[in-house]
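**Q** what's the 3D shape of this:
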Amino acid sequence: MTIPVSANLPSLATRLRTGRWKAAIARYYRRVLWRLVRFHSDIVMSKDLADGDIASPGSPLSYRAFNGRDPALLEAIDAARHLDADDLERLRLFARRGYSVLFAEVDGRIVGFVWWVDSRLSGERAHPHLARYGIRLQPREAYAFDFFLEPEFRGGGNANALLSAFDGHVKTLGFQRLWGFVASDNKPARWLYSLCGWRPQKTINSVELGSYLLFSQTGFFV
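**A** I've put the predicted structure just below:
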């Protein structure tokens, strides 16, 4: 028996080609969507500076602290030509806004840092994370951010040593509590902060549209 085949029925090769095009289009749209829409899940953490610190092993790091309004801070940043150009511009922006920093150095070369602000900075100078994460700093509280250590100095207790030095520095200035955040999927950072006495307080989920708009549990940001 012969079964008639419609002339309008596409061939197997045509269907396969069409399927490949559909898959390619789907991949393209997924890439575009990934660039336009990003989902974030961040854990807001805090540390009571009255808690004892875990002793750190010997470290080659030395430290220099700068107030954001100190003209010498911009000079120190400009001298750090080994840092990436984008990183340098970001650090200059922090300095111009009046943010304070603790630099970690080896032989006079900046290899790491922790930036921080307190409640005295408000309005346009206030760090945008405070509104994003719903943190209201009290007079003796500080918000720490942009913790960084060059890859060659990670391990061996250096990250722990830098955080411990930062804790000691802000504690001598009269602060009693620190705030910060870590991405939920950053397990190494979560482990480090936990080891250094930081405790999770809440999780903030947000959606970022085109790197210009951010919708989160705490509000809408541009």
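**Q** my guess is residue 114 is in a strand, correct?
**A** Yes - assessed with DSSP: H, G, I helix; E, B strand; the rest coil, residue 114 lies in a strand.
**Q** shouldn't it be in contact with residue 166?
**A** Yes - counting by C-beta atoms under 8 Å, residue 166 is a contact partner of residue 114 at 4.5 Å. To be clear about C-beta, it is placed using only N, CA and C from the backbone, and glycine gets the same treatment.
**Q** what do the two both touch?
**A** Shared contacts of residue 114 and residue 166 (C-beta atoms under 8 Å, 6 or more residues apart in numbering): 102, 144.
**Q** quick one: the strands in this protein?
**A** In the chain, the strands defined using DSSP state E lie at 37-48, 62-66, 100-106, 109-118, 141-149, 177-183, 199-209, 213-216, 219-221.
**Q** Among those strands, which comes closest to residue 79?
**A** With C-beta to C-beta as the criterion, residue 79 lies closest to strand 109-118 of the strands of the chain, at 8.2 Å.
**Q** Residues touching the closest one, excluding its own?
**A** Everything outside strand 109-118 that qualifies as a contact, by C-beta under 8 Å, 6+ apart, is 61, 76, 80, 82-83, 91, 94, 99-105, 126-127, 130, 137, 139, 141-150, 152-153, 158, 162-163, 166, 170, 175, 178.
**Q** And the nearest residue to residue 73 once chain neighbours are set aside, how far from residue 192?
**A** Once flanking residues are discounted, residue 73 sits nearest to residue 66: 4.0 Å by C-beta to C-beta, 6 or more residues apart in numbering. Noted for residue 66: a distance of 24 Å to residue 192, by C-beta to C-beta, to the nearest Å.
**Q** Of these two, which one has the most company?
**A** When residue 66 and residue 192 are compared for neighbours, residue 66 comes out ahead with 21 against 17, by other C-beta atoms under 10 Å.
**Q** returning to that earlier point: where's the residue nearest to residue 73 relative to residue 45, distance?
**A** In this view, residue 66 and residue 45 are 24 Å apart by C-beta to C-beta.
**Q** Can you pull up the most central residue in the chain?
**A** residue 146 (5.8 Å; C-alpha atoms, centre = their mean).
**Q** Tell me how far the residue nearest to residue 73 lies from residue 109.
**A** In this structure, residue 66 and residue 109 are 16 Å apart, going by C-beta to C-beta.
**Q** Over to residue 126?
**A** Distance of residue 126 to residue 109, computed by C-beta to C-beta: 31 Å.
**Q** Between the two, tell me which one has more neighbours.
**A** When residue 126 and residue 109 are compared for neighbours, residue 126 comes out ahead with 16 against 13, by other C-beta under 10 Å.
**Q** separation between the more buried one and residue 195?
**A** Taking C-beta to C-beta, one finds residue 126 at 30 Å from residue 195.
**Q** what do you get for residue 148?
**A** 18 Å.
**Q** higher neighbour count, the two?
**A** Between residue 148 and residue 195, counting by other C-beta under 10 Å, residue 148 is the more crowded of the two (16 against 12).
**Q** In contact with that one, which residues are there?
**A** So residue 148 contacts 112-114 (C-beta under 8 Å, 6+ apart).
**Q** between the residues you listed, which is closest to residue 182?
**A** Looking across the contacts of residue 148 and measuring by C-beta to C-beta, the closest to residue 182 is residue 114, at 13.4 Å.
**Q** what's the neighbour count on the residue lying closest to residue 145 once chain neighbours are set aside?
**A** Take residue 145 and drop its neighbours on the chain: the residue closest to it by C-beta to C-beta, 6+ apart is residue 115, 5.5 Å away. With neighbours defined by other C-beta under 10 Å, the count for residue 115 comes to 23.
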